[in-house]
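Peer 1: Return atomic coordinates for the entry below.
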Amino acid sequence: MSEAVLLVGTKKGLWIGRSDEAREDWEWSEPQFLMEGVYGTCVDTRGDAPRLFVGGTSEHWGPGVYRSDDMGHTWTETQGAAVRFPEELGSSVERVWQIQPGGPDEPGVLYAGVEPSALFRSEDRGESFRLIRSLWDHPHREHWTPGFGGQAIHSVLPDPSDPGHVTVAMSTGGVYRTYDRGQSWSPANSGIRVKFMPDPYPEYGQCVHKIAAHPSNPGRMFAQNHHGVYRSDDGGDQWDSIADGLPADFGFPIVVHPNKPDTVFVFPLTADGERIPPRGEARVWRSDDAGASWTPSSAGLPDHFYAVVLRDAFSADNAETAGLYLGARDGSVYVSTDDGETWRQIASHLPDVLSVRAAVV
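Peer 2: Residues are numbered from 1 along each chain as shown. Here you go, the predicted model:
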C-alpha cells in the first residue's frame, strides 16, 4: 500500500504528516529538530527506497544536513558539517536553502543551495558534499548582494535529459546556468526587469524569488520575481512577462503541475510595502496555458488572511492524481487533490512554515 509523506519545515523545527493515497486524513509526528530553522526539505524517490532530507539551522551549532531512510522516524547527520567552505575562503555557510535531487541518470547526485550564494554537489546521495568552486569564484560574485531575506541560491533545476546542464537562481543575482557540469556559469536573465535599479534590464542582479520547470520540457521555465512573473521557452535565453491577468505581480513561490507541463500556480502578494494577499484574501492563481491566462482558486482557503507563503512553502507531490501543498507563515497548511479547485486545511498553529515537500511512495 502506498503512503503519502509530507515534510513541513518551520522556523522552529520539522513536522511530518502521513496519509494514504487519498490524502484525506493526516497523522502528524511530534516536532523534530526543535529550535532549528528548517529551510530546505526533500523527498528523494530515486533508488530502491525513498530517502528524506532536511537542511536545518541551529542558532547555536549552525547548519546541518540530515537524511532518513525510514520515512523520518530516525535521522542521520551528514558528517563533517555537511556543507562547509574550505578554510581558505574565509566564509561560513549560514543556512541550507535548497536540497534537490539530480536527474534520473545520476541516482547518487544531490545538490544543496546555500547562503551565502553557493552550490554544493553530492555524488553519494547526500552522505558527503563538495563546493562547486566555479560558481563560488564567478567574477559576478562581488556584485551579488543580499535581499531582504538574505543572499542565497534557493532554486536548483537539473536538466533530466542532460546531466551537464543545471540552472540555479539566487536572490539577489538572478538566474545562472551551466552546460559543462559546472565548469563554467553564465547569467540567463534577459527580459527580467529590476524595478529598483537604474538599468531596469541588467545582465545580472535580478531578485528572482523562485524558478520552476517541468521535467518533460526543461527548456520552458517559469520565474516568480521581485515584481514580475515570467516564462522562458528557450532555457533562459529570453524571459517574457506572463503577469497579465494576475491581481499582483509580486510573490514568492511558483509551481509547475507535475503531470501537466502547461499548468502553473502562483500565490500573489501586494508589495512592496504590504506583502499580504490582495484584499486579504488567500487565493491560488492557476494557468492552464503556460501563463497566457489565469484563474483564481479560493474554495477552502480563508478570507481575512494576512500571512505570506514563502518560496519553498508551496509544492506538489508525485502521485498520478497530484496533490498540491501550501504552507503559510501563520502556521497553517492546506492540501488540494483536484488541481487546486478546492483546498482543505490539514494543520494549524505551527511555527512559521518555511518549506513543504511531499511524495506518495
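Peer 1: tell me the mean pLDDT for stretch 58-67?
Peer 2: If you average the pLDDT over stretch 58-67, you get 92.
Peer 1: Any idea how far apart the tips of it sit?
Peer 2: This stretch, stretch 58-67, spans 16 Å end to end (Cα to Cα, to the nearest Å).
Peer 1: Flag every buried residue along that stretch.
Peer 2: In terms of neighbour count (16 or more other Cβ atoms under 10 Å), stretch 58-67 has its buried residues at 63-67. Backbone N, C-alpha and C define where each C-beta goes, glycine included.
Peer 1: wait, which of these is closest to Ser128?
Peer 2: Checking the buried residues of stretch 58-67 against Ser128 with Cβ to Cβ, the nearest one is Val65 at 9.8 Å.
Peer 1: where does the closest one land in three-state SS?
Peer 2: What DSSP: H, G, I helix; E, B strand; the rest coil gives for Val65 is strand.
Peer 1: Not counting sequence-adjacent ones, nearest residue to it?
Peer 2: Sequence neighbours aside, Ala82 is the residue nearest to Val65 in space, at 3.8 Å (criterion: Cβ to Cβ, 6 or more residues apart in numbering).
Peer 1: Next one: that neighbour from Phe53, what distance?
Peer 2: Distance of Ala82 to Phe53, computed by Cβ to Cβ, to the nearest Å: 10 Å.
Peer 1: where exactly do the strands run in the stretch 151-300 of the chain?
Peer 2: Per DSSP state E, counting those that start in this stretch, the stretch 151-300 of the chain carries strands over the ranges 152-158, 166-171, 174-178, 186-187, 208-214, 217-225, 229-232, 240-241, 250-256, 264-269, 284-287, 295-297.
Peer 1: To Asp105, which of those lies closest?
Peer 2: Asp105 sits nearest to strand 152-158 of all those, at 10.0 Å, using Cβ to Cβ.
Peer 1: Check which helices and strands the closest one sits against.
Peer 2: strand 95-101, strand 110-115, strand 118-122, strand 166-171, strand 208-214 (3 or more Cβ pairs under 8 Å, 6 or more residues apart in numbering; DSSP states H and E).
Peer 1: quick one, which of these is nearest to Phe267?
Peer 2: For the helices and strands packed on strand 152-158, proximity to Phe267 was assessed by Cβ to Cβ; strand 208-214 is nearest, at 10.6 Å.
Peer 1: Give me the distance between the closest one and the centre of its chain.
Peer 2: From the chain centre to the centre of strand 208-214 is a distance of 8 Å (Cα atoms, centre = their mean, to the nearest Å).
Peer 1: Export that strand to CSV, keeping only CA atoms.
Peer 2: Output of strand 208-214 as CSV, limited to C-alpha atoms (Å, rounded to 0.1, in the frame of the first residue of the first chain):
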residue,chain,number,x,y,z
VAL,A,208,14.4,36.2,-8.6
HIS,A,209,12.3,34.6,-5.9
LYS,A,210,11.8,31.1,-7.5
ILE,A,211,12.1,29.3,-10.8
ALA,A,212,10.4,26.0,-11.8
ALA,A,213,10.3,23.7,-14.9
HIS,A,214,8.6,20.5,-15.8
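Peer 1: circling back to that earlier point, let me know which of the helices and strands packed on strand 152-158 is tucked in deepest.
Peer 2: strand 166-171 (a mean of 28; mean count of other Cβ atoms under 10 Å).
Peer 1: All good on my end, thank you.
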